[in-house]
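*Asks:* Let me see the structure of the following:
(2 chains)
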Protein chains: 2
Amino acid sequence: MKNKATWIWYPGDFEISLFNRCMARRYERNVQITPFWRMDSHFVTVKFYANFVLGKEDRIYIKADGTFNIFIDKIGYIRDFKGYVDLGAGEYEMQILVNNVAALPCIYVEGEQLKSNKESFRVTCQDNVFYPAASWIFDSPDDSPNAYRLPVKETAYLKKEVKGGGILYDFGREMTACVRFDGAQAPVYCYYGESREEALDKEHSEQTDVVVPEKGIAATECTKAFRYLFALSERPYQELVAIEEAPDEPKCSFKCEDKKLQEIFDVSLYTFGLCKKEFILDGVKRDRWTWSGDVYQSALVNYYSHFDTEVVKRSLRALKGKDPINAHINHITDYTLYWILSLCDYYRYTADKEFIGEMLPWAEKYMNFLAGRADEDGFLYYHADDWMFIDWAPMDNRGITSFEQVLYAAALKGYAELCKVCGKDGRAYFEASEALWKKTVERFWREGRFLHGEIDGVQTGKVTRYANLFAVLYGFADKKMREDILRNVLLNPDVQAITTPYMKFYELKTMAEYGLYGEVMQSLRSYWGGMLVCGATTFWEAFDPAETGAEKYAMYGRRYGKSLCHAWGASPVYLLAAYVVGVMPKEGGFVCRPKLSVLPPFEFSCPIAGGKIKISYDGKKVLVEADGCNGELFFEKGSGFEEGSIEIESGKKYSFERVKVKVCRSV
Amino acid sequence: MKNKATWIWYPGDFEISLFNRCMARRYERNVQITPFWRMDSHFVTVKFYANFVLGKEDRIYIKADGTFNIFIDKIGYIRDFKGYVDLGAGEYEMQILVNNVAALPCIYVEGEQLKSNKESFRVTCQDNVFYPAASWIFDSPDDSPNAYRLPVKETAYLKKEVKGGGILYDFGREMTACVRFDGAQAPVYCYYGESREEALDKEHSEQTDVVVPEKGIAATECTKAFRYLFALSERPYQELVAIEEAPDEPKCSFKCEDKKLQEIFDVSLYTFGLCKKEFILDGVKRDRWTWSGDVYQSALVNYYSHFDTEVVKRSLRALKGKDPINAHINHITDYTLYWILSLCDYYRYTADKEFIGEMLPWAEKYMNFLAGRADEDGFLYYHADDWMFIDWAPMDNRGITSFEQVLYAAALKGYAELCKVCGKDGRAYFEASEALWKKTVERFWREGRFLHGEIDGVQTGKVTRYANLFAVLYGFADKKMREDILRNVLLNPDVQAITTPYMKFYELKTMAEYGLYGEVMQSLRSYWGGMLVCGATTFWEAFDPAETGAEKYAMYGRRYGKSLCHAWGASPVYLLAAYVVGVMPKEGGFVCRPKLSVLPPFEFSCPIAGGKIKISYDGKKVLVEADGCNGELFFEKGSGFEEGSIEIESGKKYSFERVKVKVCRSV
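*Replies:* The predicted structure is shown next:
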């Protein structure tokens, strides 16, 4: 690493700068809509420092994005800079001050002996605090982080149809792409559709473009999300080509002969792949913004699907914003709490202490902010400035809701764990978590379930699923309470049903916690399978099987307001991998608890614990192989295999046969 | 006001954005040097809101710098925006969201009934806090604040001289200007000089340019400060023209037949005029930065010379920076304290409560920051991150210095007064000021003078003037202490002399406080008069009459490092106006205490107390006239006029004759 030159910058500022670029890509037709929370700027002036020794003379090339100067302790400011500095053998301090309001200030330094990277340079925004410089993949002097773009490829449409004076193109699947009209000689009016109906509805389609040929090129600059494109022009053009931002290759695989299940998995994987851009987006068509509650779930999908830890870090860094912390992340109380919990998951799946160390001071600021929003009992209560979101469903979240308290208790416990990771004493947060949980039970646990909340000190009496699910999920509920919740809430059809895949995620996790894998599989098949029946090539923001025709595309009072490619629709990948195939990280290794009673014969592999696990089941035999990680395999009662656990070591192959367990070591 | 449309923005962000532009103009030859303190950015996304009623239909034109959208409550987002919105009669809320990373997000809205200004629009950076929008002089839709430039004019050189293969131009006086070489056909190498020596010293001149003709134009873009320009080119050009940023017309005037005194005043006035740019700069050649300690003095000059309150507000807004406050202003402890005191002066001279109200929350943050830097006795002590500047002179400011405590006590008292102005209870700060003063006396007052400071709990024993002067100036010293300080410090040649005009300012103010006007006049004549003898056309950063030849231009180890046009050199304007002519604001009006015993016959006028005062003295008669303000005239004992005070009313003319006072009312 010391021997590689790379572009470097002030930690977090690449993300902040890129976030500004990416969050400005939401358009409703030709109306740009940027986020409604405070967007921050990179530091406009930063100074890089390197102390180094040259064993012999060296020519050091220096490049910067922004105006800059170079100061070397033994020389002073470098005048008449020609792109490099020649230094003789000796010990030096080099300072490079870069100024850039419009884009990220960053540098690239390369000599034979001095190379810019996070080991060689430290950086400050001139507030007397110094950090190791940050870097990523920009290892060539011509490859500045400010020019970062996702890779693209040309993609042809599947079929076209002349219709209503224009041409309707069908790409066969949802994608995010720019378009190019080769040979266009007049403006091309574009109406995009996630559905055929949307593309053809020129008045109401959510996304439009007018592509005006300039210097022989007629192409769009900002990607749109679509399967269909309805294009009209007064003069013919030769061809339409999509410039597609194709999803990364996934790192996990699930194969089975159950076509429905296979399709649910594949479409989930593809859906998440589309939403995983520079940051994790909620959906690719409508807001294209990064939301903490969505990132929390998506990150869990990602640990199995792509294991792209960089996109998780980027999203969490960008979401935290900059000082001063005086509002919730995305303006939503729950979303600040999920941000803390996202760090806990990140650590569980990556064991990356460095990033947790980087985020801990920010987590502390948010914990302080939360404490300042709590009443004397420690309850988070409604502030006019804070959105208590919970879920898209009928409910009144004014006053104090039980859900926010359970989630807060989880975040307090989570933060205490983060402190432990960093060798900091977080016991007070453990205690605060326990105290809050106790008070939450006292205040909201009535007749064997949590009530939704109180307004002006009076219980509304409404029961919702949320606090009940989370009390089980975050390990707060004891045995008796779990039984009550199962009976009175989870399996009680009188309690308001969940209709978003967002909360469906937690409901199914809870089902799995209770061992109700049959119900989980049934739900996957009916809910996600239901979308497939409607022709989904990606999973949706919300789905109600009762809706028919174009009605099912409506949301937020708009005919095509619903996002048909929404990251939280991708949770089957996680539910299948983590709960049904049952692969989870555990203390530096993994555990695998396959639910063979509900799984058809399958082959599965995914990244875990710094390595990879492969497991297959052909109805008779289970084969397991771990590469780069060790773990434990559990056969459960009723699986058809001998109940119990077996240690799995990296690099060895294991084979188990039904009824009696037989371990075959690899040669 | 309600009826005028103007460009509007988030309060303070015009200053922050302009500050980034202006502070990047410091160059040492071709090395750009930006400030070494944290520079902040404007908010990149801001949202403007207007609630309004249209009595009839209206076409509302909307312009923004940045990408933007318009949302109107009864319509939704405005699609296909063509530059205006047509609205029928009715009540509306309009929201305009503007996104601009590179420059200030701002808008201009003009209908017949709705016009953008600080009454009609409020604005937020989306942190749930709303402010009235800010505006200034940008009243035309084509005149965005992002295009703001100081006015310029073409100026010809006074004489030229062919020399050493080039031409030496002399403009006769220091100025700030770009240059244009008409008819240039080859690069022109420019070496600027505040002195003739500097311009001709191609190796060491501080400012250089290489002007390369492009498309028939050969001109520079960033102004330089110079009287002389040495230009060399391989091919002849037709003419050199300076594009000068000429100083504003002053609002005060002092005329007398004492040529030396007249020149001291005029050169001071011109010096300050040159340093008063978009912000108050310390000097126009070298750092061209805005420093709080310098602004504090310059603002006092400005209240008499130009009464440009906008440049004071802009400088104070820019200096405070943005949240979080975690370093001193300019990184200097004293400079945070002067910033607080600048607000007090600003209020004394302008009675502008609105600006004080705007700054008070920032002042509070800095008071909290200061408190966090103090020890248990309330003393501000040395931190490695904080620069305890005090003055350019030999001294050791580690540990605890008496000066910083006296200044801190003054700032505590000043902040308490600011609270009072805003109707806030600041008594605790009065008390803290008194307590700190008491402890400072206990700790540092020894044998009739303040010692400079202690290091590691041990007094260094050194005596300097600083704490002693300030104890008198800020009204802390009692009669006995004042007498001691006068004898033991002020008039004691064994105490280290002050050599910068910066601290000379306070020393002469203190002299004046003691009534030593003869000494003040003598000092003006010798110190500032001494620079004139050396050919100064503007006053310098420092002056030692013992230095001769080019040696006098050296500073900071550089041959021409000294700034020969430095704002703190302009203090004679203030000293003459406020102490010798004796015009000061007092409780909404003014007092005038002319020191006729030390003044030659003169005519003087300046802005004061919201109006203007004129006073003249021909050796026999004093004429006084106030316009737009009332005040009090004092004749002192020994002035030759009857001792006592006379009320001066706006619009009336007063005439007084020596020995007996005679009031002649105007007709």
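*Asks:* so how many other residues sit close to the nearest residue to A:Tyr560 once chain neighbours are set aside?
*Replies:* Residue nearest to A:Tyr560 in three dimensions, not counting chain neighbours: A:Glu198, with 4.2 Å by C-beta to C-beta, 6 or more residues apart in numbering or on different chains. Just so you know, the C-beta spots here come from the backbone N, C-alpha and C atoms, and that holds for glycine as well. Using other C-beta atoms under 10 Å in any protein chain shown, A:Glu198 has 25 neighbouring residues.
*Asks:* A:Glu198 and chain B, how far apart?
*Replies:* According to C-beta to the nearest C-beta, to the nearest Å, A:Glu198 stands 16 Å off from chain B.
*Asks:* wouldn't that residue be in contact with A:Phe230 here?
*Replies:* No - look at A:Glu198 against A:Phe230 with C-beta atoms under 8 Å: they stay out of range, at 9.0 Å.
*Asks:* Quick check: neighbours shared by the two?
*Replies:* Both A:Glu198 and A:Phe230 are in contact with A:191-192, A:205, where contact means C-beta atoms under 8 Å, 6 or more residues apart in numbering or on different chains.
*Asks:* closest to chain B among these?
*Replies:* Closest to chain B out of those is A:Ser205 (11.9 Å), distances taken as C-beta to the nearest C-beta.
*Asks:* Report the contact partners of that closest one.
*Replies:* A:29, A:191-193, A:198-199, A:230, A:560.
*Asks:* host element of it?
*Replies:* Using DSSP states H and E, A:Ser205 sits within no helix or strand.
*Asks:* Now do the same for it: its pLDDT.
*Replies:* In this model, A:Ser205 is scored at 97, pLDDT.
*Asks:* just A:Val661 next, same as before
*Replies:* Note for A:Val661: predicted pLDDT of 47.
*Asks:* Same question for the one 3 residues further on.
*Replies:* At A:Cys664, the predicted lDDT confidence score is 57.
*Asks:* List the contacts of stretch A:505-523.
*Replies:* Counting by C-beta under 8 Å, 6+ apart, A:261, A:297, A:465-466, A:469-470, A:472-473, A:482, A:486, A:490, A:498, A:504, A:524, A:568, A:571, A:574-575, A:579-580, A:595, A:597-598 sit against stretch A:505-523.
*Asks:* ok, now with 7 Å
*Replies:* When contacts are defined by C-beta atoms under 7 Å, 6 or more residues apart in numbering or on different chains, stretch A:505-523 is touched by residues A:297, A:465, A:469-470, A:472-473, A:486, A:490, A:498, A:568, A:571, A:575, A:579-580, A:595, A:598.
*Asks:* all strands for the stretch 251-400 of chain A, in order.
*Replies:* A:253-256, A:400-401 (DSSP state E, counting those that start in this stretch).
*Asks:* Run through the residues of the stretch 201-350 of chain A sitting next to chain B.
*Replies:* With C-beta under 7 Å from any C-beta of the partner chain as the criterion, the stretch 201-350 of chain A meets chain B at residues A:323-324, A:326-327.
*Asks:* Which one of the residues you listed sits in the busiest neighbourhood?
*Replies:* Most surrounded of these: other C-beta under 10 Å gives A:Ala327, at 19 neighbours.
*Asks:* Which pLDDT value belongs to A:Ala550?
*Replies:* Looking at A:Ala550, the pLDDT reads 87.
*Asks:* number of nearby residues for the nearest residue to it once chain neighbours are set aside?
*Replies:* Of all residues not flanking A:Ala550 in the chain, A:Glu197 sits nearest, at 4.4 Å (C-beta to C-beta, 6+ apart). Residues lying near A:Glu197 (other C-beta under 10 Å) number 17.
*Asks:* Checking A:Glu197 next. Helix, strand or coil?
*Replies:* Secondary structure, DSSP: H, G, I helix; E, B strand; the rest coil: A:Glu197 is helix.
*Asks:* Surely it is in contact with A:Lys552?
*Replies:* No - contact criterion C-beta atoms under 7 Å: A:Glu197 and A:Lys552 do not qualify, at 9.8 Å.
*Asks:* returning to that earlier point: turn the shared contacts of A:Glu198 and A:Phe230 into CSV, including distance to B:Gly88.
*Replies:* Putting the shared contacts of A:Glu198 and A:Phe230 into CSV (distance: C-beta to C-beta, whole Å) gives the following:
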residue, distance to B:Gly88
A:Tyr191, 29
A:Tyr192, 32
A:Ser205, 28
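*Asks:* okay, now the domains of chain A?
*Replies:* A:8-147, A:153-244, A:248-331+A:498-580, A:333-388+A:394-476, A:584-657 (automatic domain parsing).
*Asks:* Just say helix, strand or coil for A:Gln185.
*Replies:* coil.
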